[in-house]
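A.B. asks: Give me a 3D structure for the following:
(chains A and B)
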Number of protein chains: 2
Amino acid sequence: MPSRVPEGAERGWIIPIGGAEEKADGPEILSRFVEIAGGSNANIVVIPTASRMRDTGPKYERVFKELGVGAVESIDFDTRRDAHEENRLVRLDSATGIFFTGGNQLRLSTLIGGTPVAKRLRLLNAAGVHVAGTSAGASFLSEHMIAFGDEGGSAIAGSVRLAPGLGLTNRFVIDQHFRQRDRLGRLVTSLAYNPFAVGIGLDEDTAAMIGPDNELEVAGSGGVTIVDASELEFSSMDQVDEGQPVCLLGLKLHMLVAGASFNLHTRKASAGRLRHSKE
Amino acid sequence: MPSRVPEGAERGWIIPIGGAEEKADGPEILSRFVEIAGGSNANIVVIPTASRMRDTGPKYERVFKELGVGAVESIDFDTRRDAHEENRLVRLDSATGIFFTGGNQLRLSTLIGGTPVAKRLRLLNAAGVHVAGTSAGASFLSEHMIAFGDEGGSAIAGSVRLAPGLGLTNRFVIDQHFRQRDRLGRLVTSLAYNPFAVGIGLDEDTAAMIGPDNELEVAGSGGVTIVDASELEFSSMDQVDEGQPVCLLGLKLHMLVAGASFNLHTRKASAGRLRHSKE
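C.D. replies: So this is what the prediction gives:
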């Protein structure tokens, strides 16, 4: 369960990114994360656990240093025992921002899930530490995480498997590389089981910047697809065989681009700083 | 423009099919078309013009004969002059059902568009003759036809090109091979220009059976995705550069399966003969 925001505190930002974010040439998304985390005063911990590549942590350290971050360090968790180590927990306590790299979200959930690190991250975010994640790292942030799924635009029973994620929030389910890997079907299917959450499909190089007020604003070069099932009129999910299409009536769909926003609490979409056609 | 239904008459069914419909083993969709067209008394004309393959017409003739159709003949239009020939027009007049095969919808629009055949088909459908089309043949049926488009789930400016189709109706825009070719983005983009029409995305082996009352019922093994943009709150289509994602707020999405229905006039979706979860 998400941690409570302590009295007088404000929750930190939650920033899921769709993968393949620009790193060198005017990296808008990473720059905004750095700015939110304190700019030159930022203290960023990179968690490269999703990745099996040795240079993933150092690569992001270099990127964040080039963006002027005062302190940046990567901390890996290669075993569940690592995620119980007190000195690593203490290091997290000094961070103003945490960044999860891409890779495989099941490495994150199997190595960090249920450990003191997971609990500490929830507490830290509730107390004001900002948490971003890209690709697998984005999927992991929420309470309900897409672990596996098939490609395709239709909702198919059995086309997606959910697993518990880090649990910073339970308001949404994330999918990433969204347009690039044709994932609307699996995102919609993940909501068909229980439509309380908002589905957020993130294109590559695109982020949902979610503030303490639960207002999500889009940054980056692609689109963010919001699937709002709160007014769902009918779901056949309880009566469909594996592999068969699911009947879902009354989904609401918003396709957002940079500058547009969606409030996760009121579920209102807004064109934000985009010019309105009538003007 | 669609022809008016003559006084006392009832418009024929319009049956777009998503391609790759079952032909041999219990072909549900083609059987229903045959039944609607009169069963053993049906008189079906197959128009294989979209296809460049010589055996497309004869293949469907065999399929319809096996389904017990009394009279079936394929009439091809290889040149625009063919579409002015009086004896071919007269042959259409005796049909109870017309069937457009798949292929390339631009062959249909360039060879038949604006000819006496196109006009006659609109008049015949308005007077009660049933018209079905599969794949390219499905796209061609409506006033606004998707001629080209890119794959992908997001709406991208310039990702779709519309062309005038046959014009039996202007209530919807069809896309086919929907799930199989990841076409939500281009269907949504086609509505972003002018949201008056309903977007209908047809999976393979799946049909939208549209009755004279404008009630669409799904038949076949896949899903039909309905995109209803009538309550669109915002579109950035007028200010987006080619290749950039489009911001669209307030789309309504229904994923229908066999038995579910959607009324093209009232825009209400219904689970139809599907069991309701509460029962």
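A.B. asks: which parts of the helix or strand hosting A:Arg161 are buried?
C.D. replies: Here A:Arg161 sits within strand A:160-164, counting by DSSP states H and E. By neighbour count on 16 or more other CB atoms under 10 Å in any protein chain shown, the buried set for strand A:160-164 is A:Val160, A:Leu162, A:Ala163. Where C-beta positions appear, they are placed from N, C-alpha and C, glycine not excepted.
A.B. asks: Report the mean confidence score over it.
C.D. replies: For strand A:160-164, the mean pLDDT works out to 92.
A.B. asks: just checking, what packs against the strand ranked longest in chain A?
C.D. replies: Secondary structure assigned by DSSP state E gives strand A:248-257 as the longest strand of chain A. Counting contacts by 3 or more CB pairs under 8 Å, 6 or more residues apart in numbering or on different chains; DSSP states H and E, strand A:248-257 packs against helix A:184-192, strand A:223-228, strand A:234-235, strand B:248-257, strand B:269-270.
A.B. asks: of all those, which lies closest to A:Val5?
C.D. replies: Minimum separation from A:Val5 across the helices and strands packed on strand A:248-257 (CB to CB) falls at strand A:223-228, 23.8 Å.
A.B. asks: So is that closest one next to chain B?
C.D. replies: Yes. Strand A:223-228 lies within reach of chain B by CB under 8 Å from any CB of the partner chain, at A:Gly223, A:Thr225, A:Val227.
A.B. asks: Direction included, what does that strand pair against?
C.D. replies: In the sheet, strand A:223-228 lines up against strand A:198-202 (antiparallel), strand A:248-257 (antiparallel) (DSSP bridges).
A.B. asks: Could you export those strands as TSV, including mean pLDDT and mean neighbour count?
C.D. replies: Formatted as TSV, the strands paired with strand A:223-228 follow (pLDDT from 0 to 100; neighbours: other CB atoms under 10 Å in any protein chain shown):
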stretch	mean pLDDT	mean neighbour count
strand A:198-202	96	26
strand A:248-257	95	25
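A.B. asks: can you redo the ones you listed as a markdown table with distance to B:Thr96?
C.D. replies: Compiled in a markdown table, the strands paired with strand A:223-228 are given as follows (distance: least, CB to CB, whole Å):
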| stretch | distance to B:Thr96 |
| --- | --- |
| strand A:198-202 | 45 |
| strand A:248-257 | 33 |
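A.B. asks: List just the nearest of the buried residues of strand A:160-164 to B:Ala24.
C.D. replies: For the buried residues of strand A:160-164, the nearest to B:Ala24 is A:Val160 (32.4 Å; CB to CB).
A.B. asks: pretty sure the closest one is touching A:Gly149, no?
C.D. replies: Yes. A:Val160 lies in contact with A:Gly149 (CB atoms under 8 Å); the separation is 4.0 Å.
A.B. asks: Next, show the common contact partners of those two.
C.D. replies: A:Arg186, A:Thr189, A:Ser190 (CB atoms under 8 Å, 6 or more residues apart in numbering or on different chains).
A.B. asks: returning to that earlier point: contacts for the strand holding A:Arg161?
C.D. replies: Against strand A:160-164 from outside (CB under 8 Å, 6+ apart): A:106, A:109, A:113, A:143-150, A:173, A:186-187, A:189-190, A:193.
A.B. asks: Taking these, please make a ChimeraX selection of just the buried ones.
C.D. replies: For the buried members of the contacts of strand A:160-164, the matching ChimeraX selection, counting by 16+ other CB under 10 Å, is:
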select /A:106,109,113,143,144,145,146,147,149,173,186,187,189,190,193
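A.B. asks: Of the contacts of strand A:160-164, which belong to helices?
C.D. replies: A:Leu106, A:Ser109, A:Arg186, A:Leu187, A:Thr189, A:Ser190 (DSSP state H).
A.B. asks: one step back: would you pull up how far the strand holding A:Arg161 lies from the middle of the chain?
C.D. replies: Taking CA atoms, centre = their mean, to the nearest Å, one finds strand A:160-164 lying 15 Å from the centre of the chain it belongs to.
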